[in-house]
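> I need the structure of the sequence given here:
(4 chains)
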There are 4 protein chains.
Amino acid sequence: MQTSETKMTAPPSQERRIVNVPELFPDLIAKHAKAGRFVDIAEKDSPWVPFGENAAIKHLLFDTRHNIYSNILWLKGPGVVGTHKHRGYVVMMCLEGSAHYLEYNWLATPGSFIYETPGEAHTLVSDHPDGCKLFGWMQGPNEFYDSDGNFVMTADVWWFMDHYETYCKENGLPTNPELYL
Amino acid sequence: MQTSETKMTAPPSQERRIVNVPELFPDLIAKHAKAGRFVDIAEKDSPWVPFGENAAIKHLLFDTRHNIYSNILWLKGPGVVGTHKHRGYVVMMCLEGSAHYLEYNWLATPGSFIYETPGEAHTLVSDHPDGCKLFGWMQGPNEFYDSDGNFVMTADVWWFMDHYETYCKENGLPTNPELYL
Amino acid sequence: MQTSETKMTAPPSQERRIVNVPELFPDLIAKHAKAGRFVDIAEKDSPWVPFGENAAIKHLLFDTRHNIYSNILWLKGPGVVGTHKHRGYVVMMCLEGSAHYLEYNWLATPGSFIYETPGEAHTLVSDHPDGCKLFGWMQGPNEFYDSDGNFVMTADVWWFMDHYETYCKENGLPTNPELYL
Amino acid sequence: MQTSETKMTAPPSQERRIVNVPELFPDLIAKHAKAGRFVDIAEKDSPWVPFGENAAIKHLLFDTRHNIYSNILWLKGPGVVGTHKHRGYVVMMCLEGSAHYLEYNWLATPGSFIYETPGEAHTLVSDHPDGCKLFGWMQGPNEFYDSDGNFVMTADVWWFMDHYETYCKENGLPTNPELYL
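I've put the predicted structure just below:
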């Protein structure tokens, strides 16, 4: 087997400059590629939208084509997000405080990585006095149930978008087009 | 239009207990669902693998079926990841320090969200004295080029897996099965 | 801009032989890559599982990590798949006969391509005397409703897997591991 | 465990009418959902674009956000698509004729299902006097190599889009917006 590639073990450049990368279709990319997005933590880019009495969500992205949504969930003190069932996958990174699921035996602290697969149901709890901040990248619906196991509602990209837009409307804020892929 | 669902504006439960959620196929899920994953920030779960002189990567997940890989990139001081072209998408959350791309005019600080789409090429720089820590969830290959625009190599799930496994082997560490979806 | 690549307008080889393609990580791919799959139309690979009185489904793939499932839906004569709402995406190719959705104004015949996005609800009908065969590649749950708009059930990867496995069990057939990604 | 859902074994309705499905966010879906797509096999919807001397491609969808592209590949007689390496996944359904990969021991005929995962390289051959028609749904780049194993080029969503648009331009045909997700 021939090997025309070299196995890189370090970044290929320490030069602080843009290199012109060859590209066969620069015009098509310029015309059709959806530009990358940046959302700052500051309120002006995306406000903390209240979620119940003692929690808030900062919405970061809505991809309606693939039912993907991203945000930071902030529990401001000890609290619970009741049992819910996933029909898609969940990627989370703990940013502050701590959290765990009642169903598992780990404790997420800053830097901890959580991945959930379709079919699982679990109950999120923070016992930290300051609660937690969790970055999430999620695909597909989550189904919520009440304490008796009765279905309450489905939260997917539309619920999160409504949560964001309703708050913006009620507070006279413009919606940020950067959040809509 | 009938509405059997209720629009939830707050978590449906504050009770700190597991609710039995109805599920038609519990046996199939028990048998076939891939369990969720948890990777702690601690070295024992996933070590900081050196990446050049002044950087390291903590690997979090390898999904070979979809060419997805997740990790934390740590630049330990001011530094550069040379111009690279994406053939998939990139999700990043800044955890510490700051970073930006030479091609764009924003500065990512802790809590900032970055999303990149296929077709874009850019050059990552940190000017922060402590560098940066960036959580990443990435799909598809990234192509690296040298300062003259010559193709050097492609980094996708296989490169990241090799980076992790080679380090483990050289240091007598077991690989963590939680990292392999 | 340098261009090291050549713009190909035709297949790069007409030689009927395997070319050794350079690969940096052949050992990792050999160890970790999930092999590709092949499912023949023949009953031995995947049987036609009855779906109501006059329809059948040939299951082709179950990807539980991403809630993806693939199959051929066969309506054996004029018929209806009642109104259902998608929470993921749907890719379909008409193989035989014809079909349409009551909500749209096109008619799918062999070779027609259909793509549906999350959030849509529609009602599939075939008026063709021989019904239709539709290849489908689907992600995420579909929710079914009765004639009064009451929720009946959610069909996602677990429902399709159960449909397949139950039939195999009842008919003394082994399940085909090629169908499970 | 409570079961509020009923296990469906047949379509929930045989009535040929649209049922009003309850939806919490009909306005958001109307505003933000990308409509589904339909591409007929007829030339007017998407022409057969020549691909070398004896092959053609009918393009069906370009999803630049996820580097996904879909089409029908038509080899008009016995032929080869040279060895190529996948960095994403491939879904294929054989519509007409027959085809196989030199690397595997199956023969795809109408109704056969093929799935390929990232990391694999293979060589597509049709020995059928009429060649084959293959429907494909593909994610991520494919890398082509010449007979000596030298890299020739990468084909991903941009290459397929260029193949389509160049032909339309050269033949005075309008591009079909239905093909662009």
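> Stretch A:62-77 close to chain D?
Yes: Stretch A:62-77 lies within reach of chain D by C-beta under 8 Å from any C-beta of the partner chain, at A:62-66. In short, each C-beta sits where N, CA and C put it, glycine included.
> Say whether chain B is contacted by that stretch.
Yes: if you take C-beta under 8 Å from any C-beta as the test, stretch A:62-77 does meet chain B, through A:70, A:72.
> A:L28: which element?
Using DSSP states H and E, A:L28 falls within helix A:26-32.
> Distance from the chain centre to that helix, please.
In terms of C-alpha atoms, centre = their mean, to the nearest Å, the centre of helix A:26-32 is found 28 Å from the chain centre.
> go on, stretch A:24-38?
Using C-alpha atoms, centre = their mean, the offset of stretch A:24-38 from its chain centre is 24 Å.
> What of stretch A:123-131?
With C-alpha atoms, centre = their mean, you get 18 Å for stretch A:123-131.
> do stretch A:70-90 as well
10 Å.
> Could I have the CA atoms of that stretch written out in PDB?
The C-alpha trace of stretch A:70-90 is given here as PDB (Å, rounded to 0.1, in the frame of the first residue of the first chain):
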ATOM      1  CA  SER A  70     -28.600  23.700  20.800                       C
ATOM      2  CA  ASN A  71     -28.600  25.800  24.000                       C
ATOM      3  CA  ILE A  72     -27.200  26.200  27.500                       C
ATOM      4  CA  LEU A  73     -29.500  25.100  30.300                       C
ATOM      5  CA  TRP A  74     -29.000  26.900  33.600                       C
ATOM      6  CA  LEU A  75     -30.500  25.600  36.800                       C
ATOM      7  CA  LYS A  76     -29.900  28.400  39.300                       C
ATOM      8  CA  GLY A  77     -29.900  26.200  42.300                       C
ATOM      9  CA  PRO A  78     -30.700  22.700  43.300                       C
ATOM     10  CA  GLY A  79     -33.500  21.500  41.000                       C
ATOM     11  CA  VAL A  80     -35.000  18.800  38.800                       C
ATOM     12  CA  VAL A  81     -35.900  18.300  35.100                       C
ATOM     13  CA  GLY A  82     -38.500  15.600  35.400                       C
ATOM     14  CA  THR A  83     -38.300  12.200  33.700                       C
ATOM     15  CA  HIS A  84     -38.200  12.500  30.000                       C
ATOM     16  CA  LYS A  85     -37.700  10.000  27.100                       C
ATOM     17  CA  HIS A  86     -35.400  10.700  24.200                       C
ATOM     18  CA  ARG A  87     -36.300   9.800  20.600                       C
ATOM     19  CA  GLY A  88     -33.000  11.300  19.300                       C
ATOM     20  CA  TYR A  89     -29.500  11.800  20.700                       C
ATOM     21  CA  VAL A  90     -28.100  14.300  23.300                       C
END
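> Can you list the low-confidence ranges for chain A?
Where chain A drops to pLDDT under 70, the residues are A:1-14.
> Mind jotting down where the helices sit in it?
A:26-32, A:157-170 (DSSP state H).
> just those helices: most buried one?
Greatest average neighbour count among these goes to helix A:157-170 (a mean of 20), per mean count of other C-beta atoms under 10 Å in any protein chain shown.
> picking up where we left off before, helices and strands around the helix holding A:L28, which ones?
helix D:157-170 (3 or more C-beta pairs under 8 Å, 6 or more residues apart in numbering or on different chains; DSSP states H and E).
> Are the helix it packs on and chain B in contact anywhere?
Yes: contact of helix D:157-170 with chain B (C-beta under 8 Å from any C-beta) involves D:157-158.
> what's the answer for stretch A:35-49, then?
Yes: judged by C-beta under 8 Å from any C-beta, stretch A:35-49 comes into contact with chain B at A:35-41.
> Just the buried ones out of these, please.
A:36-41 (16 or more other C-beta atoms under 10 Å in any protein chain shown).
> Make TSV out of those residues and add distance to A:Y167.
As requested, these are arranged in TSV below (distance: C-beta to C-beta, whole Å):
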residue	distance to A:Y167
A:G36	25
A:R37	20
A:F38	21
A:V39	16
A:D40	18
A:I41	17
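> So which of those residues are in strands?
A:37-39 (DSSP state E).
> what sits against A:V157?
A:62-64, A:67-69, C:118 (C-beta atoms under 8 Å, 6 or more residues apart in numbering or on different chains).
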